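Novice: Let's see this in three dimensions:
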Amino acid sequence: MSDQNKHKRPKYTIQFKQDAAKLVNEKGYTHKQAAENLGISLTALGRWVRAEKAPTIASTTKKKVLNLTDQDELSRLRKEVEQLRMEREILKKAAVFFATELQ
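Specialist: This is a model prediction of the structure:
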């Protein structure tokens, strides 16, 4: 599949996602009404609504559902960890290089 044919998903802010979920959870809109009014997909709205509902653990095998704020923070922290790991590897290589230069 070429890059031109790939469908790019729009990026929505965490505030937009939370407000969209509030339409369904608090204002009484149906999923379909809210999705049509906001111009978003029904499946995306469904994910956001489930994420904003109170986390419940039905069984020990199910994962805890994170709300949108927690998902956003987790994503940010994962990116930060990856960046720090990369920087650490660069520093390790630099230390080895300078240690061999001194000999």
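
Novice: which residues in the chain form helices?
Specialist: Along the chain, counting by DSSP state H, helices occupy 14-25, 31-38, 42-52, 68-102.

Novice: And the last one, what does it pack against?
Specialist: Other helices and strands packing on helix 68-102, by 3 or more C-beta pairs under 8 Å, 6 or more residues apart in numbering; DSSP states H and E, are helix 14-25, helix 42-52. Backbone N, C-alpha and C define where each C-beta goes, glycine included.

Novice: Look at residue 45 and say how many residues are nearby.
Specialist: Using other C-beta atoms under 10 Å, residue 45 is surrounded by 22 other residues.

Novice: just checking, it touches residue 33?
Specialist: No - the criterion here is C-beta atoms under 8 Å, and residue 45 misses it with residue 33 at 10.0 Å.

Novice: circling back: which stretch among the helices and strands packed on helix 68-102 comes nearest residue 91?
Specialist: Of all the helices and strands packed on helix 68-102, helix 14-25 sits nearest to residue 91, with 32.7 Å by C-beta to C-beta.

Novice: Flag the shaky bits of this protein, pLDDT-wise.
Specialist: 1-5, 54-64 (pLDDT under 70).

Novice: In CSV: the helices and strands packed on helix 68-102, plus distance to residue 73.
Specialist: Listed next are these as CSV, based on distance: least, C-beta to C-beta, whole Å:
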stretch, distance to residue 73
helix 14-25, 9
helix 42-52, 13
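
Novice: Looking at these, spot the one closest to residue 85.
Specialist: Between these, helix 14-25 lies closest to residue 85; by C-beta to C-beta that is 25.1 Å.

Novice: Name the residues that touch the closest one?
Specialist: The contact list for helix 14-25 (C-beta atoms under 8 Å, 6 or more residues apart in numbering) reads 12, 29-31, 34, 37-38, 40, 45, 48-49, 51-53, 68-69, 72.

Novice: For these, which ChimeraX command selects only the ones that are buried?
Specialist: The buried residues among the contacts of helix 14-25 can be selected in ChimeraX (16 or more other C-beta atoms under 10 Å) with this line:
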select :29,34,38,40,45,48,49,51,52,68,72
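
Novice: ok so, going back, which stretch among the helices and strands packed on helix 68-102 comes nearest residue 88?
Specialist: Residue 88 lies closest, by C-beta to C-beta, to one member of these: helix 14-25, at 29.0 Å.
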